[in-house]
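Visitor: this is a predicted model, with the sequence first.
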Amino acid sequence: MNGTGGTQMVDAETEALQTLHRVFGYEAFRGAQGEVIEHVVAGGDAVVLMPTGGGKSLCYQIPALVRPGTGVVVSPLIALMQDQVDALRALGVRAGFINSTQDFDERRTVEAELLAGELDLLYLAPERLRVEATLDLLSRAKISVFAIDEAHCVAQWGHDFRPDYLALSLLGERWPDVPRIALTATATDATHREITQRLGMPQARHFVASFDRPNIQYRIVPKSDPKKQLLTFLKEEHEGDAGIVYCLSRASVEKTAQYLSDNGVQAVPYHAGLDAGTRAVNQSRFLREDGLVVVATIAFGMGIDKPDVRFVAHLDLPKSVEGYYQETGRAGRDGLASTAWMAYGLQDVVQQRKLIQGGEGDEAFRRRAAAHLDAMLALCETASCRRAQLLGYFGQEATAENCGNCDTCLTPPKTWDGTVAAQKVLSTVVRLQRERGQKFGAGQIIDILLGRRTAKIIQFDHDALSVFGIGEDLSEPQWRGVVRQLLAQGLLAVEGEYGTLVLTEPSGEVLGGRREVRMRTEPEKPARAPRSSSKKPAAVVDLPPEAVPVFEALRAWRGAQAKEAGVPAYVIFHDATLREIATARPGSMDELGTIGGVGEKKLATWGEGVLSVLATLD
């Protein structure tokens, strides 16, 4: 490079790498991190799409440390700001936050630190930027960078929508010379464009990392007795592991948490109906304790930096692929083997269709919601690789046709010609409507096909219909699968609050024999993750046998340190760092300083303690 500008860029790049090593304890950037950081340090705006666990936070933390002034992080995660600040302080970063949980004196102290240039990073909730006093405070400080975290909140049809995010374009208007970086773990092209437009960042450079999370195994099972299925999954594959279970309703959250607790799985509920104190305690326990399961609505999990979440389970169908991807992405941030497991059935499809039809919003909103649901159903019903389907949704191609780590690749499902079965269902719906002027839900349709003389069948004289008993070739679960797939393919629709079934325009093509209907046969034995018979924790798998007791001793020591400091264990050291220490067995402070994740501050604070543990095992 020639001239002063080139020299400055080289210096900035060198300083960024030095900061990475000195503060965070790593030798090199991962993926696009280095490119993003170089661009922002040079003063450019950036929109960054990276999967959970991909290292997004470094993309704004290092520019904030390298550029003069304080980096301001706009984040909706008020309940986690204290933990985020604690984790940064453990690294020697001067961090603070201002939000509604603080009293007047606490806020004044942080404001004074900001104005004195004593903060590297300041976390703010988006609503603070609608207060003129906050804007005035920032205008009196030296700002190095604005980071807008969880930027998908800008999208009106995104998840966890926060109206306060819509006002954030003012940052570019009021501070045109301060670079902005918007970050999210998930966005389709449409959401991506909306983030850019709403934040007023037309000149921003876009960085899109691969959305593939190869360490996560994706599995979707037919729903029969979901709580029991979940318990079997946890007992057989994830006993003693930390994880998150998502349910659609608060009542389901409460019942599921109680059921797991009654059956020997340590579980707590989390939803908006609980008082703030209970939510805070349960979240804190999840962050600080090993092996706790949180059963939650989607309100839980965004921004949680717990690296050892070994599974994410869904007992209800998510509303969109984006929501599903972001929720499952909370598993396996440490790169170790994890599972995304879902129980999915006919009632999920009916319920989601009903919610869309009866929900608030205009026709355009309903169309978008239906399109999101259709994409989610396509992922559930696919007979090909789930990972490829997931990546395709985000406009990315899978590296291989068969990923080898999803249920459809581990146990490829068969497909069958379901045209005749589809015609039987559709004919039953037609007969009821045309001959009787009636509409019914899936249960009555299936009872008619199976020739069951239930009280309801007799009451409505449905055993006199010509279609009565024509479906005895299939079982009830098989018919439920047929109806579910007809709904998923848009060949049946749900109507009204009772979820009655009606025909759609394409139904006529099937009834007239002009369209074939292929259906997915569920495997008799669902795919399972290969697990060792000793049920060793994932963090111990692949460690040399002699390193396992060292790792366990280091974990016990870390637990004691975390309890004493009042922080989550991963704030001290991640499992990945302990694994490397247990394998390398460093014998001096210098050698310990070469381990990934051991920066200068952590080495000074906990280095002697680590070496003492290792010395007792020699």
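Guide: Right, received. Where do you want to start?
Visitor: and A340, what element?
Guide: strand 338-344 (DSSP states H and E).
Visitor: now swap in E591 and tell me
Guide: Assigned by DSSP H and E, E591 falls in helix 589-592.
Visitor: could you point out which element follows that helix?
Guide: Downstream of helix 589-592, the next assigned helix or strand under DSSP H and E is helix 600-616.
Visitor: and that next one, what does it pack onto?
Guide: Where contact means 3 or more Cβ pairs under 8 Å, 6 or more residues apart in numbering; DSSP states H and E, helix 600-616 is packed against helix 81-90, helix 548-565, helix 589-592. The C-beta positions use only the backbone N, C-alpha and C, and glycine is treated the same way.
Visitor: buried ones in that helix?
Guide: For helix 600-616, the neighbour count (16 or more other Cβ atoms under 10 Å) marks E600, K601, K602, L603, T605, W606, G607, V610, L611, V613, L614 as buried.
Visitor: I figured D45 hits D177, correct?
Guide: No - contact criterion Cβ atoms under 8 Å: D45 and D177 do not qualify, at 11.2 Å.
Visitor: give me the more crowded residue out of those two.
Guide: Neighbour count, other Cβ atoms under 10 Å: between D45 and D177, D45 has more, with 23 against 6.
Visitor: wait, what's in contact with the more buried one?
Guide: Residues near D45 by Cβ atoms under 8 Å, 6 or more residues apart in numbering: G172, P179, R180, I181, M201, Q203, A204, R205.
Visitor: who wins for neighbours among those residues?
Guide: Busiest of the contacts of D45 [other Cβ under 10 Å] is I181, holding 30 neighbours.
Visitor: enumerate the beta-bridge partners assigned to that one.
Guide: Taking DSSP bridges as the rule, I181 bridges to A46, A147.
Visitor: and it, how far from E150?
Guide: Look at I181 and E150: by Cβ to Cβ, to the nearest Å, they are 13 Å apart.
Visitor: secondary structure class for G243?
Guide: Secondary structure, DSSP: H, G, I helix; E, B strand; the rest coil: G243 is strand.
Visitor: pretty sure it sits against V312.
Guide: Yes - taking contacts as Cβ under 8 Å, G243 lies within contact range of V312: 6.5 Å.
Visitor: more neighbours: these two, which one.
Guide: Under the criterion of other Cβ under 10 Å, the comparison of G243 against V312 puts G243 first, with 26 against 23.
Visitor: what about R431, distance to V425?
Guide: 11 Å.
Visitor: ok, the two, which is more surrounded?
Guide: Between R431 and V425, counted using other Cβ under 10 Å, the more crowded position is V425 (26 against 17).
Visitor: which residues are in contact with that one?
Guide: Counting by Cβ under 8 Å, 6+ apart, V425 touches I445, L449, W479, V482, V483, L486, L492.
Visitor: helix/strand/coil for it?
Guide: helix.
Visitor: check it and give its pLDDT.
Guide: V425 carries a pLDDT score of 96 in this model.
Visitor: look up how far L373 lies from it.
Guide: Distance of V425 to L373, given as Cβ to Cβ: 20 Å.
Visitor: can you list contacts of stretch 111-126?
Guide: By Cβ under 8 Å, 6+ apart, the list of residues contacting stretch 111-126 reads 61, 64-65, 69-76, 78, 81, 84-85, 88, 93-100, 110, 134, 137, 140-142, 153, 162, 164-165, 167-168.
Visitor: what is the neighbour count of A565?
Guide: Around A565 there are 15 residues (other Cβ under 10 Å).
Visitor: surely it is in contact with I572?
Guide: Yes - under the criterion of Cβ under 8 Å, A565 makes contact with I572 at 7.4 Å.
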